[in-house]
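Chemist: predicted structure and sequence below. I'll ask about it afterward.
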Amino acid sequence: MSLFKARDWWSSALGEGEEFDQGCLCVGDVDNSGTGHDKVVVGSYMGMLRIFSPHTIKPNEGAQGLAESQLLEVNLHNAIIQIELGKFVSCSDLLHLAVLHPRKLSVYSVSGMAGNVEHGDQYQLKPVYEHNLQRTACNMTYGTFGGVTGHHSLCIQSMDGMLMFFEQDSYSFGRFLPGFLLPGPLVYNPRTDSFLTVSSARQLESYKYETLAVATEAENRQDADLPVKTGGKRLTPDWTFVLGEQALELSVPSFSHASSSIFVLGERNLYCLRDNGQIRFMKKLEYNPSCFLPYASLTDGTTNLLLGNHTNMLLVYQDVTLKWVAQLPFVPVAVRVASFPELKGVVVSLSSEGHLLCSYMGTDPSFFSTPKVDARDVDYEQMEAELKTLQKNIREASRTQDILPKADAQEDLTVTAVVSNSMDSPSRALIQDIDGLPVPSVTVQLKLKSSGVVQAPRLNVLVQPPLSVTQNNFVLDTMSAGSSTVVKFSAFLNGHYPPADLTGDITVSYNSPTGVPRVLQARFSLPLALVCVSTSPAKSTKFKITVDTNQPPVDLRAMFPEFSDKSEEKDGNSLAFLFLSGQKVSLVASKTSQRYRIQSDSFEDMWLIVKELVHRCDQHFSKLGFKDFRKSVSGPIPLQDYFLAIDHHFQLRVSAKQFQDLLSERAIQFRAIQRRLLTRFKDKTPAPLQNLDTLLDATYNQMMSLAEAAEDNQSQLDQAFAQLRSGTHLLVLLLSLWQGLPPDQTALLEATLLPLLQDTPQLGWEESCDAAVTHLLRTCLSRSPKDQAISLAQTGGPVLELPKDTARLKKHITLLCERIGKGGRLSLCSEANVQVPAQIQNLAAPGGVESIAEAAGDGEEAGLQPDAAKFIKKREPSKKAKKDKTHVDGDKAARITPRAAS
């Protein structure tokens, strides 16, 4: 808050519910009285035009004195965007009032007649001429365009970037600004006969009037990239200056000692430039400005500025030096300096709500005296205890290394999800049956209980495709403290392929009583019976997975009770699952060993059964109290089967890209034929179509066929991505069981192989997974600390785009599995512990290091064949030290060579 307030000399409230902006205020001798005293002209967006002659109001005059200050009030019935005073009428040296409406420019004369009665003088507003605009106006400026003296011309900028020039009552010409997007402030510089504006590129541009006059005629807006069709020249700015921010206002002062200054008020900075675009000075503002006005200074070579901001301050600067600050009762949107009969140099300010104030800089301070506080005795023991408590809290806070804020001890809202044990009857699925098998649905009940006030809660349910729910968005009423709400919905299969995950996510967004937005997340698991039914086991299958345990096998009927009633096997050692999409998975428990075998004709479809088996075994032995229950995989890791899913998904992505390119070509061809046909139809002399109509129909049919094929390919791509996710989940589980990875490393491996939950046109799974796997191979799974240090010294990386093939990705995944099998451990925090040697730091410069290949350190890796992608047992790391080895990257060797030091 400022120490001094702006001294209120005269003020008025203009109307009710009206809006005003920076162009709605103007001061000058509008009635041509010849006394040199100014009047205040104000226009509003509601179309009201008011003229005031402020004067000192005596205490006994009250409202009558305020009414005498208002000379005129007229409703023009159109929004007033801007008002200006100038010599706008030919053969007349009198000042006239130009009023800019959205679709009209009007010029008025204001005249006063002396009254013969007690009502005083009377003022009239007479229209002189007007121009109806073909385009919506934004702002205007005026001046002696082209060096013509004696009268002023007008230039109006439209909302679509056209400059329209008017010379008194006639329209001269119009020009479109190049590269226009949104209109900016506009001002005329009479010293250089040029126009200044700020474009959407956030740069100040200067256009000579002569250049505008000889440029291309703006009959219709043309693309800047197209060749000029008429004989005019292409419009280019005389000079530009990059501001880097949007400008609020421009000003070109005309007093002598600042004859070469251009002032620009930005959102965060104040700029002063010369007429040639060179900057004189710049002032960084620590507040949000609202308006400004340069005015004459008594010191030669300097300029004074009045600058208003959004903290109700009026600041006075001399160039970049702050000279005075005054407090205003509102945020000013326009400020002017005027001279009245009783006082000169009055600051006239206007707010957006219509508060008009005439003030001056006073020195009556607004003092605030601090109330006296009663003295009290100091309790040193209490102060010492408080000091110890604060020191203890500081020590505990300094020991805490958590980056994320800790959650509250008690949440405002708790969400509990309960999945029904039985299927719905009748089923609420959209697809009633798939290949003769009925599609069930299951009810999920969500209970929301609030411990405090929860405002506007919104609940969102997300399940993995092709699963679906009856309703996924819920808008709930505000919940009071202690209240609860129950939400129910049904989940079901809505596609002809199994999902990659049976879990669902719940997100609740709400506002706390203080208005702070909060988000709460929860998760639920859907039953396996939602996507498969029991059937008879298959005798011969293509894919098999064996899980070893250290406990005797469990009766499968007791482990899967929901499938035991309908199973045809009675011994409890075998169970078969038939997915609704048609695939069959068999589960067999060994009678003589502690093993389980899962087999199927589809590699990806075994994922849900293997996951459910591991999960239910853990639950079973945990209930029995076995703490040392272990499980592992001793068989080969079927990488080649997994690579088939990768190739299938990649081929569909390539097909989608081809369909997109073909559709783009046909669309271009279709539009070209349309243009030619339109030209033929517009021709006054009929000409033969030359089979263009037949070509148009054929192109249209091709486009429709391509669109249908692209839709079909996209549905296949969604299914392939779900199968790829299932295969990836299965591979991660097998690797974790094979090497006994802890949960944190398993989570890191899953995040590496599944960086995306959904393919997008810009980023796909192959390139994302390749980048993540390559990062692990170069860091925590690198051959030596030297290789890891070199990797950490590199900056940047390749651009992620659709690769040419999957050979590189498959080799990287093979190397990843092999290095994990040799004892490699996954970690992200280990990168920070690697020190970069001094001789390698120079490699961090751009271009200093070529891409590090997937380090074929051992001989068996360099010549790795596709058939070697299965690992039968764990292999110990090689003890042979192989230094300065050439790293092989696919078919091309890339050597690490430091740049020659100059």
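Modeler: Looks like it arrived, so ask away.

Chemist: CA only for contacts and neighbour counts going forward, please
Modeler: OK.

Chemist: now stretch 550-567, how far from the chain's geometric center?
Modeler: 51 Å (C-alpha atoms, centre = their mean, to the nearest Å).

Chemist: now do stretch 254-270
Modeler: Chain-centre distance of stretch 254-270: 35 Å, with C-alpha atoms, centre = their mean.

Chemist: what's the end-to-end length of that stretch?
Modeler: One end of stretch 254-270 to the other measures 19 Å (C-alpha to C-alpha, to the nearest Å).

Chemist: buried residues of that stretch, list them for me.
Modeler: Along stretch 254-270, these residues count as buried under the neighbour rule (16 or more other C-alpha atoms under 10 Å): 254, 257-258, 260-270.

Chemist: just checking, residue 314 is part of a helix?
Modeler: No: Residue 314 is assigned strand when assessed by DSSP: H, G, I helix; E, B strand; the rest coil, not a helix.

Chemist: JSON lines for the buried residues of stretch 254-270, including pLDDT, distance to residue 305 and secondary structure?
Modeler: What follows is those, written out as JSON lines (pLDDT from 0 to 100; distance: C-alpha to C-alpha, whole Å; DSSP: H, G, I helix; E, B strand; the rest coil):
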{"residue": "254", "pLDDT": "80", "distance to residue 305": "14", "secondary structure": "coil"}
{"residue": "257", "pLDDT": "50", "distance to residue 305": "14", "secondary structure": "helix"}
{"residue": "258", "pLDDT": "49", "distance to residue 305": "12", "secondary structure": "helix"}
{"residue": "260", "pLDDT": "79", "distance to residue 305": "16", "secondary structure": "coil"}
{"residue": "261", "pLDDT": "87", "distance to residue 305": "12", "secondary structure": "coil"}
{"residue": "262", "pLDDT": "91", "distance to residue 305": "12", "secondary structure": "strand"}
{"residue": "263", "pLDDT": "92", "distance to residue 305": "10", "secondary structure": "strand"}
{"residue": "264", "pLDDT": "93", "distance to residue 305": "12", "secondary structure": "strand"}
{"residue": "265", "pLDDT": "93", "distance to residue 305": "11", "secondary structure": "strand"}
{"residue": "266", "pLDDT": "92", "distance to residue 305": "14", "secondary structure": "strand"}
{"residue": "267", "pLDDT": "90", "distance to residue 305": "16", "secondary structure": "coil"}
{"residue": "268", "pLDDT": "90", "distance to residue 305": "16", "secondary structure": "coil"}
{"residue": "269", "pLDDT": "92", "distance to residue 305": "14", "secondary structure": "strand"}
{"residue": "270", "pLDDT": "92", "distance to residue 305": "10", "secondary structure": "strand"}
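
Chemist: got the contact list for the residue nearest to residue 330 when sequence neighbours are not counted?
Modeler: Using C-alpha to C-alpha, 6 or more residues apart in numbering and skipping the chain neighbours, the partner closest in space to residue 330 is residue 312 (5.3 Å). Under the criterion of C-alpha atoms under 8 Å, 6 or more residues apart in numbering, the contact list for residue 312 reads 327, 328, 329, 330, 331, 332.

Chemist: contacts only, for the most centrally placed residue in the chain.
Modeler: For the chain, the residue whose C-alpha lies nearest the mean C-alpha position (C-alpha atoms, centre = their mean) is residue 762; its distance is 16.1 Å. Residues near residue 762 by C-alpha under 8 Å, 6+ apart: residue 801.

Chemist: list the backbone torsions phi and psi for it.
Modeler: When read as degrees, to the nearest 10, the backbone of residue 762 gives phi -90, psi -30.

Chemist: from residue 653, how far out is it?
Modeler: In this structure, residue 762 lies at 11 Å from residue 653, with C-alpha to C-alpha as the measure.

Chemist: show me where the stretch 551-700 of the chain has strands.
Modeler: Listed in chain order, the strands of the stretch 551-700 of the chain (DSSP state E, counting those that start in this stretch) span 574-579, 584-589, 595-600, 631-633.

Chemist: dump those strands into JSON lines; add distance to residue 280 as well.
Modeler: Rendered in JSON lines, the data for the strands of the stretch 551-700 of the chain read as follows (distance: least, C-alpha to C-alpha, whole Å):
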{"stretch": "strand 574-579", "distance to residue 280": "77"}
{"stretch": "strand 584-589", "distance to residue 280": "79"}
{"stretch": "strand 595-600", "distance to residue 280": "79"}
{"stretch": "strand 631-633", "distance to residue 280": "75"}
